[in-house]
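1. Mind folding the following:
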Amino acid sequence: MIDNAEVFLPSLLLSTPFSILLILYCFGVFLSNRKYSNWPIYKSILCIVGCFIAIVSVSKPLTELSHYNFTFHMLIHLLLGMLAPLLIALSTPMTLLFRVLHVHQSRKLTRVLRTMPFQLIVHPIITTLLNIGGLWILYMTKLFEWMHSNPFIYIAIHFHVFLAGYVFVVSIIYVEPVFHRYSFIFRTSIFIVALAAHGILTKIIYSKPPIGVPLYEAERGAQLMYYGGDFIEAILIVILFAQWYKACRPKQSESLMTGE
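-> Numbering: from 1, shown residues only. This is a model prediction of the structure:
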């Protein structure tokens, strides 16, 4: 039996950063609208929905149910690790931050983001290892069992799941300022590898559940992970290919005009 305190404290610690992010984002929109043209409403909506989904995914009753049922655990994985990061990334909080900072503050932030550690964090290969590789470690080792018996591990893993999902998104689709850009072919190749690794993992979970998970729950959870993940990944594919098409279109137009 899970004690209420064991669920409440992790939920509070996990949901607080998203509440703060939402408040700061709304305040940033207010400041931005005073200095520049109005910030796109759809981006504000994306941030609100993304933060709301993240907060719901780490709050009762989902967190409580996830201790007993692997399907609910996998639902949290989809919401916190895939859907919320995508929506928040599309709301471009870093771009908003640059808009509200003073010029010298923006330059300082730019210098920090250009440093090697930050460049590595948003490298597509590194983000894939953090995101998909982290899931393999979680489900193929005893870490999944430890997570449900140790609140500190539980909190750390859930923070990792969101942050890894977020940096993965921004490393594949360039919706935020990126100071070292990789080609569409390179990012698409890495994305294909990530899709394959995610799909293989779901099939392994389906046939060989993590420690302590009944087979029937693993089957339902794996199906949710597979098809739900496909839906969110399809959105990423559409965005990536739309960006690729837009980047190539002017060159195609020039070639047609010059007859090349």
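
2. Which pLDDT value belongs to the closest residue to Val112 other than its chain neighbours?
-> In this structure, Val112 finds its nearest non-sequential neighbour in Phe118, 6.7 Å apart by Cβ to Cβ, 6 or more residues apart in numbering. C-beta here means a position set from N, CA and C on the backbone, and glycine is covered the same way. pLDDT for Phe118: 87.

3. Check which helix or strand Phe118 maps to.
-> helix 116-121 (DSSP states H and E).

4. Outside of that helix itself, list whatever touches it.
-> By Cβ atoms under 8 Å, 6 or more residues apart in numbering, the surrounding residues in contact with helix 116-121 are Val112, Ile126, Thr127, Val167, Phe179, His180.

5. Show me which pair in those residues is furthest apart.
-> Val112 and Thr127 (18.5 Å; Cβ to Cβ).

6. Who has more neighbours out of these two?
-> In terms of neighbours (other Cβ atoms under 10 Å), Thr127 is the more surrounded of Val112 and Thr127; the figures are 24 against 10.

7. quick one, what contacts the more buried one?
-> Ile121, Ala164, Val167, Phe168, Ser171, Ile172.

8. For these, give me a markdown table that also has neighbour count.
-> Shown next, in a markdown table, are the contacts of Thr127 (neighbours: other Cβ atoms under 10 Å):
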| residue | neighbour count |
| --- | --- |
| Ile121 | 15 |
| Ala164 | 21 |
| Val167 | 21 |
| Phe168 | 28 |
| Ser171 | 25 |
| Ile172 | 24 |
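
9. Which residue in those has the weakest pLDDT?
-> Out of the contacts of Thr127, that is Ile121, at 90.

10. measure that residue to Tyr174 for me?
-> Going from Ile121 to Tyr174 by Cβ to Cβ, to the nearest Å gives 15 Å.

11. returning to that earlier point: which of the contacts of helix 116-121 sits closest to Ser207?
-> Closest to Ser207, out of all of those and judged by Cβ to Cβ, is Thr127, at 27.9 Å.

12. Sticking with the closest one, tell me its helix or strand.
-> With DSSP H and E as criterion, Thr127 is part of helix 124-128.

13. And the contacts of the very next helix or strand once past that helix?
-> Later in the chain than helix 124-128, the nearest helix or strand by DSSP H and E is helix 134-140. The contact list for helix 134-140 (Cβ under 8 Å, 6+ apart) reads 77, 143-144, 147, 157, 160-161, 164, 197-198, 201, 204-205, 210.

14. What about those, which are in helices?
-> 77, 143-144, 147, 157, 160-161, 164, 197-198, 201, 204-205 (DSSP state H).
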